[in-house]
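A structural model of the following input is requested.
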Amino acid sequence: MRRIDAEFAEPSQKAPLLEKELTSIVATAESKGLAALGDDDARDLYDAARMAAYYGYGARAASTMRRAWDELARRRIAPPGSADEVVETHVAARLFDDASVFHRRHTQAVTIPLPAFVDLRARPRGPTLLEVADDGSTLRRREFPGAAVVVVGSPWCGFSRAATTAIEDDRELATVMAGHARWLIPQQIVRDVRAVARWNREHPTAAMAMIYRRSEWPYIRSSATPAFYFFRDGQLVSSFSGWAGAEQKAALLAGLRAAGVVSGAESTQAD
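As a prediction, this is how the structure comes out:
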């Protein structure tokens, strides 16, 4: 699994390979019984599940990680901070009920808060997202209403922060983006949702929601952030990723024109 992690840079490539390896490892461990594993093997099982969960956000990896943690905790050799990792991976896998049960059972070991989950969907026909409450205490799942511009970024991504600053510093461009763009965090490990809430308070024109499950967003094929997707009449017409510097404003403006958000004759400071 470490070899796979080293050889493949793109998470979407390594995730299925790691999941396949984990399936084999779990089968071997279960044939012996977790209680019969040596301490090192039990630790390796936990680490393997953690790696698969970190890149794939799958329910199987998260559940295996919890089972391995339970065994390590029974032996009193669970690594410091590992209970928090179990909670993080369960939230990333969208196993909110299981995360809540684990959180209640291990209040002394878990140090991070667990946001409440509320599902507000009616009959979803498209992708969904998790809106973060102003204080970070709650995640609300809603159907994505659509937008002319979808920006996939992260408060922890330096390039996403640079893009946000460049847009905010351009008054006209900021106004256009505020009216037509929706910023989303990819399905990933989020250690403390309150950090997202804080970002949203500090950057209201680039407030971020969280993608519920990446399989619902087929046009997002890369983990690169920030990534900009431009739509016209519901159809993807242009995209680009990365933010190398101020020159990316030209690419952003071109995308806005392709989406019909600004006209060819309209100018902003990005010109």
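
and stretch 143-159, how far apart are its ends?
End-to-end distance for stretch 143-159: 27 Å, by C-alpha to C-alpha, to the nearest Å.

could you do stretch 51-64 as well?
11 Å.

now stretch 133-147
21 Å.

where in the chain is pLDDT low?
Scanning the chain for pLDDT under 70 picks out 124, 264-271.

at 90 what do you get?
Within the chain, the stretches with pLDDT under 90 are 2, 5, 8-13, 120-126, 145, 191-192, 221-224, 244-247, 262-271.

residue boundaries of the helices in it?
2-7, 11-32, 39-56, 59-74, 82-92, 96-105, 158-169, 171-180, 193-202, 248-258 (DSSP state H).

got the buried residues for stretch 163-173?
Across stretch 163-173, burial judged by 16 or more other C-beta atoms under 10 Å covers 163-164, 166-168, 170, 173. Placement of C-beta: from N, CA and C, glycine included.

ah, wrong one, I meant stretch 143-160
Neighbour counts over stretch 143-160 (16+ other C-beta under 10 Å) mark 143-144, 147-157, 159-160 as buried.

nearest to Asp39 among the residues you listed?
Closest approach between the buried residues of stretch 143-160 and Asp39, by C-beta to C-beta: Trp156, at 33.4 Å.

which pair of the buried residues of stretch 143-160 spans the longest distance?
Among those, Glu143 and Phe159 lie farthest apart (C-beta to C-beta), at 28.7 Å.

so Leu256 is in contact with Lys249, correct?
No. Under the criterion of C-beta atoms under 8 Å, Leu256 is not in contact with Lys249, lying 10.3 Å apart.

look at the two and report which has more neighbours.
Using other C-beta atoms under 10 Å, the more surrounded residue of Leu256 and Lys249 is Leu256, with 25 against 20.

how close does that one get to Ala246?
Leu256 sits 16 Å away from Ala246, going by C-beta to C-beta, to the nearest Å.

can you give me the neighbour number for the nearest residue to Gly245 once chain neighbours are set aside?
Excluding its sequence neighbours, the residue lying closest to Gly245 (C-beta to C-beta, 6 or more residues apart in numbering) is Ala162, at 7.8 Å. Using other C-beta under 10 Å, the number of residues around Ala162 comes to 16.

number the residues from 120 up from this point.
Fine by me, first position is 120 from now on; the one you just mentioned is Ala281.

how much space between Ala281 and Ala314?
18 Å.

residues touching the closest residue to Ile231 other than its chain neighbours, list them.
Closest residue in space to Ile231, ignoring its immediate chain neighbours: Asp203 at 4.9 Å, by C-beta to C-beta, 6+ apart. Listed by C-beta atoms under 8 Å, 6 or more residues apart in numbering, the contact set of Asp203 reads 229-231, 310.

turn the residues you listed into a markdown table, including distance to Met327 and neighbour count.
Formatted as a markdown table, the contacts of Asp203 follow (distance: C-beta to C-beta, whole Å; neighbours: other C-beta atoms under 10 Å):
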| residue | distance to Met327 | neighbour count |
| --- | --- | --- |
| Val229 | 25 | 19 |
| Thr230 | 24 | 12 |
| Ile231 | 19 | 18 |
| Arg310 | 15 | 13 |
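
need the residues you listed in TSV (columns: distance to Phe127).
Listed next are those as TSV, based on distance: C-beta to C-beta, whole Å:
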residue	distance to Phe127
Val229	31
Thr230	32
Ile231	29
Arg310	24
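
wait, which of these is closest to Gly157?
The closest of the contacts of Asp203, once distances to Gly157 are taken by C-beta to C-beta, is Val229, at 26.7 Å.

contacts only, for the residue lying closest to that closest one once chain neighbours are set aside.
Setting aside the residues directly before and after it, Val229 is nearest to Ala202 in space (C-beta to C-beta, 6+ apart), at 4.8 Å. Counting by C-beta under 8 Å, 6+ apart, Ala202 makes contact with 188, 192, 221, 225, 228-230.
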